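K.L.:
take a look and give me a structure for this.
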Amino acid sequence: MRLGNADLHIVSDGLAWMDGGGHFGLVPKVLWEKVVQADELNRVPMALNCLLVVSEGQRILVDTGFGDKLSSKERQIWSIAGESRLVGDLRRLGFAPEDIEVVINTHLHFDHCGGNTVLRFGKVSDRCHEVVPTFPRAEYWIQRLEWADARYPNERTRATYLAENFVPLEEREQLHLLYGDTRVTSEVRCIVTRGHTRAHQSVVIESGGEAAIYLGDLASWAILMERLAWVSAFDVEPLETIETKRRIRDWALEKNALLIFEHDSRVQMGYLREDEGKYRVEAV
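P.N.:
Alright, predicted model coming up:
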């Protein structure tokens with residue numbers, strides 16, 4: 001869609017299935033199942049909605065999904081089918097990996113940055129592989145504190161930060177670390193939205209009097225913006241998440257901003273509406 005002078009494209013890395021309790025945290029299943037039905041394994045469908053922004057001639061990709069480095073066991077766990085899902089979607093829009101100039105990672109959990117890198121055959125033999133950036137000409141923009149947390153994870157976060165998804169960016173000199181809120185173009189900026197991780201960032205697009213925000217895992221489902229107290233079980237700072245959502249909610253209402261949801265399998269984007277203190281997302 002067109003937002004002022006910028007072009008926004010939802011590009012998909014497919015669909016995965018994840019435990020519903022992970023998405024909705026302390027919210028009882030009897031409540032969240034009114035939003036989305038779980039399968040026999042208590043899993044719900046999780047979209048992998050990435051965002052391509054074309055602004056002032058810059059081609060900017062936000063998040064990269066799971067990518068194609070998964071083992072057959074991991075594919076089975078997440079029920080992910082198909083190869084080159086994100087790259088294939090980009091090609092359908094007419095963009096090759098070489099065309100992407102900036103990749104912004106909201107954070108470095110494996111379902112948001114797995115597509116940063118791809119396996120290539122090594123030089124020693126066809127049985128050796130090396131991991132290289134998927135987008136060979138791009139700078140990868142990551143918050144400095146997020147990078148530190150990913151490089152030195154703790155017991156809780158170790159399973160979500162996989163070095164092969166981001167260390168090769170540094171090795172290939174394609175890493176660009178950010179120190180807080182940072183402007184990409186005059187229309188696009190990264191803002192720190194703390195809570196899910198200590199330095200999670202969202203991406204704001206403002207052009208021609210219109211506004212949008214790609215929320216990442218600040219609120220990966222629309223219902224999480226409608227109800228502040230609904231917080232993912234994966235958030236490392238849940239109380240910070242609530243306050244960050246409150247701030248973004250008030251900004252979105254003031255700006256009539258388009259909200260873009262990364263994991264919602266029903267609502268990719270919508271506008272927040274308020275009526276007598278109750279909030280709902282009006283889907284686009």
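K.L.:
show the contacting residues for residue 241.
P.N.:
By Cβ atoms under 8 Å, 6 or more residues apart in numbering, the contact set of residue 241 is 194-196, 218, 231-232, 235. Every residue, glycine included, has its C-beta placed from N, CA and C.
K.L.:
list the contacts of the nearest residue to residue 90 once chain neighbours are set aside.
P.N.:
Excluding the flanking residues, the one nearest residue 90 by Cβ to Cβ, 6 or more residues apart in numbering is residue 11, at 5.7 Å. Counting by Cβ under 8 Å, 6+ apart, residue 11 touches 49-52, 61, 86, 89-90, 93.
K.L.:
out of those residues, which is most surrounded?
P.N.:
residue 61 (28 neighbours; other Cβ atoms under 10 Å).
K.L.:
give the pairing partners of the helix or strand where that one lies; include direction for each.
P.N.:
If you go by DSSP states H and E, residue 61 is part of strand 58-62. Paired neighbours of strand 58-62 in the sheet (DSSP bridges): strand 43-55 (antiparallel), strand 102-104 (parallel).
K.L.:
tell me the buried residues in that strand?
P.N.:
59-62 (16 or more other Cβ atoms under 10 Å).
K.L.:
out of those residues, which comes closest to residue 97?
P.N.:
Nearest to residue 97, judged by Cβ to Cβ, of the buried residues of strand 58-62 is residue 61 at 9.5 Å.
K.L.:
pLDDT score for that closest one?
P.N.:
The score at residue 61 is 98. That number is its pLDDT.
K.L.:
same deal with residue 120?
P.N.:
Note for residue 120: predicted pLDDT of 87.
K.L.:
just the endpoints, please. Distance across stretch 118-135?
P.N.:
9 Å (Cα to Cα, to the nearest Å).
K.L.:
in the stretch 51-200 of the chain, where is pLDDT below threshold?
P.N.:
Along the stretch 51-200 of the chain, the parts satisfying pLDDT under 70 run over 122-128.
K.L.:
could you pull out the helices for it?
P.N.:
Along the stretch 51-200 of the chain, the segments classed as helices by DSSP state H, counting those that start in this stretch run 72-78, 85-92, 110-113, 144-151, 167-171.
K.L.:
which parts of the top helix by length along the chain are buried?
P.N.:
The longest helix of the chain (DSSP state H) is helix 238-255. For helix 238-255, burial by neighbour count (16+ other Cβ under 10 Å) applies to 238, 240-241, 244-245, 248-249, 252.
K.L.:
next structured bit after it?
P.N.:
Downstream of helix 238-255 (by DSSP H and E), the next one is strand 258-260.
K.L.:
against which helices or strands is that following strand packed?
P.N.:
The helices and strands touching strand 258-260, judged by 3 or more Cβ pairs under 8 Å, 6 or more residues apart in numbering; DSSP states H and E, are strand 210-214, strand 269-275.
K.L.:
now do the helix or strand just after the first one, average pLDDT.
P.N.:
When you say that, I think you mean strand 210-214. Per DSSP H and E, the first helix or strand lying C-terminal to strand 210-214 is helix 222-226. Averaging pLDDT along helix 222-226 gives 98.
K.L.:
show me what helix 222-226 is packed up against.
P.N.:
By 3+ Cβ pairs under 8 Å, 6+ apart, helix 222-226 packs against helix 238-255, strand 269-275, strand 278-283.
K.L.:
ok, 10 Å please
P.N.:
Packing contacts for helix 222-226, counted by 3 or more Cβ pairs under 10 Å, 6 or more residues apart in numbering; DSSP states H and E, involve helix 20-24, helix 238-255, strand 269-275, strand 278-283.
K.L.:
ok, and for the helix or strand following the shortest one, which residues are buried?
P.N.:
Per DSSP H and E, the first helix or strand lying C-terminal to helix 20-24 is helix 29-32. Along helix 29-32, the positions that meet the burial threshold by neighbour count (16+ other Cβ under 10 Å) are residue 32.
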